[in-house]
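> Need a 3D model of the sequence below.
(one chain, ligands or ions: 1)
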Amino acid sequence: MSKQHPRIMREKKTVDAMVHIYCKGHHETKGELCPECAEFLSYAFMRLDKCPFQEEKSTCGKCLVHCYQPQMREKVKKVMRYSGPRMLLHSPGLALHHAFDGRKKPQTLEEIRKKRAQGPA
Ligand SMILES: [Zn+2]
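Coordinates of the predicted model:
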């Protein structure tokens with residue numbers, strides 16, 4: 001696996017925690033995910049690996065690039081709606097980070113490209 005920005009690692013942790021909360025609540029699993037949720041999680045991880053924003057990204061819920069397949073988008077919405085508020089109880093640290101990351105203004109790919117072309121500030 002290639003080197004990853006902490007921002008992406010954190011987003012993965014958050015998604016991982018949210019999917020576990022959702023699966024436990026809906027599919028009565030304990031610790032391990034059901035096949036459907038496991039598939040969804042690996043899909044979400046794959047999208048994050050390919051996310052063009054990387055450290056610049058806002059949270060996926062606010063992203064302007066809709067990179068999820070329609071079917072997966074529906075699932076991520078359900079997972080977020082259910083697990084979002086519960087994250088505060090399960091992982092307050094992650095939930096806070098997530099709220100903070102979400103305050104970052106979502107950018108377009110064009111803006112990111114311009115920034116990169118200018119090089120590091
Ligand atoms: Zn499940």
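
> Give me the buried positions along stretch 90-106.
By neighbour count, and taking 16 or more other Cβ atoms under 10 Å as the criterion, the buried residues in stretch 90-106 are 91, 94, 95, 97, 98, 101, 106. Any C-beta I mention is one placed from the backbone N, CA and C, and that applies to glycine too.

> Also stretch 106-121?
Buried residues in stretch 106-121, counted by 16+ other Cβ under 10 Å: 106, 107, 112.

> now, which of the residues you listed sits nearest residue 8?
Of all the buried residues of stretch 106-121, the one with the least separation from residue 8 (Cβ to Cβ) is residue 112, at 14.4 Å.

> Among the buried residues of stretch 90-106, pick out the one closest to the ion, please.
Of all the buried residues of stretch 90-106, the ion sits closest to residue 91, with 18.4 Å by Cβ to the ion.

> What helix or strand is the nearest residue to the closest one once chain neighbours are set aside located in?
With sequence-adjacent residues excluded and distances taken as Cβ to Cβ, 6 or more residues apart in numbering, residue 91 is closest to residue 17, at 5.2 Å. Here residue 17 is covered by helix 6-27, with elements defined by DSSP states H and E.

> So which elements touch that helix?
In this structure, helix 6-27 makes packing contacts with helix 35-50, helix 70-90, helix 92-101, judged by 3 or more Cβ pairs under 8 Å, 6 or more residues apart in numbering; DSSP states H and E.

> What separation do you get for the nearest residue to residue 16 once chain neighbours are set aside and the ion?
Counting by Cβ to Cβ, 6+ apart, the nearest residue to residue 16 once its immediate chain neighbours are dropped is residue 41, at 6.4 Å. Remark: distance between residue 41 and the ion (Cβ to the ion, to the nearest Å) = 9 Å.

> how many neighbours does residue 41 have?
Residue 41 has 19 neighbouring residues, counting by other Cβ atoms under 10 Å.

> Per-residue pLDDT of it, please?
Confidence per residue is given as pLDDT, and for residue 41 that number is 95.

> Understood, closing this out.
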